[in-house]
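Colleague: Okay, here's the prediction I keep looking at, along with the sequence it came from:
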Amino acid sequence: MHIPCRLSALILLSTSLLGLGCEVAPRQDPLLATEVVPELAEVKQGAVGDTLLRCEQPQDGSYLEVVQTATGYEAAHVSEDYDPWDCRCTYEKRVVLGQYTQCRKSTVDPRILNCYRVEPGGTTGKVVLSTTRVVKTQMVIGSSQTVSYSELSIAAINQDPGQTPRKDFNYGLSDCQ
């Protein structure tokens, strides 16, 4: 079957004008519904979708989040990626780092978490997420002046088959909530 050149050009023009699903759906900020109670050591059961931790990378907009699920907790790294079929479109790429049955947070700083999965035999350690506050001090080159800043170091360990065994992330402490 032969399609006239003008008809194929019209179809191509109309699909490029429509964008074929490249519109970004409006997103709600999950942090607006989060209430942090710093005096609690164990995270109490909340609603599905509650965010325990969200750290955003200001340079590219990617973020790491720990959210409440129906069966426990889940950590994921979310970034924007280009569509391999249409380089004009981007989509949200969500990589799950691990799923946990329990999370505990520091009574001093709620951004410091330890999340882990309890295995059927009662053991832990196969899937763990741990955050640590790190204070770094640097000396300015050519001077005796020092500068200090704080970071949140996140280690996501997942030894399930087919998973990357360990992923490390560093965020400025002010970029985490």
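Modeller: Alright, I've got the coordinates. It should be emphasised that the depicted structure is a prediction, and the values quoted were computed from it without experimental measurement.
Colleague: Per-residue pLDDT of the residue nearest to Leu173 when sequence neighbours are not counted, please?
Modeller: Leaving aside its sequence neighbours, Leu173 sits nearest to Ser150 (C-beta to C-beta, 6 or more residues apart in numbering; 4.0 Å). (C-beta placed from N, C-alpha, C; glycine too.) The model reports Ser150 with a pLDDT of 95.
Colleague: Quick check: nearest residue in space to Val135, chain neighbours excluded?
Modeller: Ser150 (5.2 Å).
Colleague: Near the one you found, how many other residues are there?
Modeller: Other residues within reach of Ser150, judged by other C-beta atoms under 10 Å, total 12.
Colleague: Test my guess that the residue nearest to Leu173 contacts Thr132.
Modeller: No - in this structure, Ser150 is not within contact of Thr132 by C-beta atoms under 8 Å, at 10.8 Å.
Colleague: that older thread, and the helix or strand where the residue nearest to Leu173 lies, how far out from the chain middle?
Modeller: Assigned by DSSP states H and E, Ser150 belongs to strand 146-158. Remark: strand 146-158 is offset 15 Å from the chain centroid, using C-alpha atoms, centre = their mean, to the nearest Å.
Colleague: That strand - contacts with which helices or strands?
Modeller: strand 90-100, strand 127-139, strand 166-172 (3 or more C-beta pairs under 8 Å, 6 or more residues apart in numbering; DSSP states H and E).
Colleague: May I see these organised as CSV, with mean pLDDT and mean neighbour count added?
Modeller: Output for the helices and strands packed on strand 146-158, formatted as CSV (pLDDT from 0 to 100; neighbours: other C-beta atoms under 10 Å):
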stretch, mean pLDDT, mean neighbour count
strand 90-100, 93, 16
strand 127-139, 95, 15
strand 166-172, 96, 15
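Colleague: Quick one: closest of those strands to Glu56.
Modeller: Closest approach to Glu56 among the helices and strands packed on strand 146-158 (C-beta to C-beta): strand 166-172, 7.5 Å.
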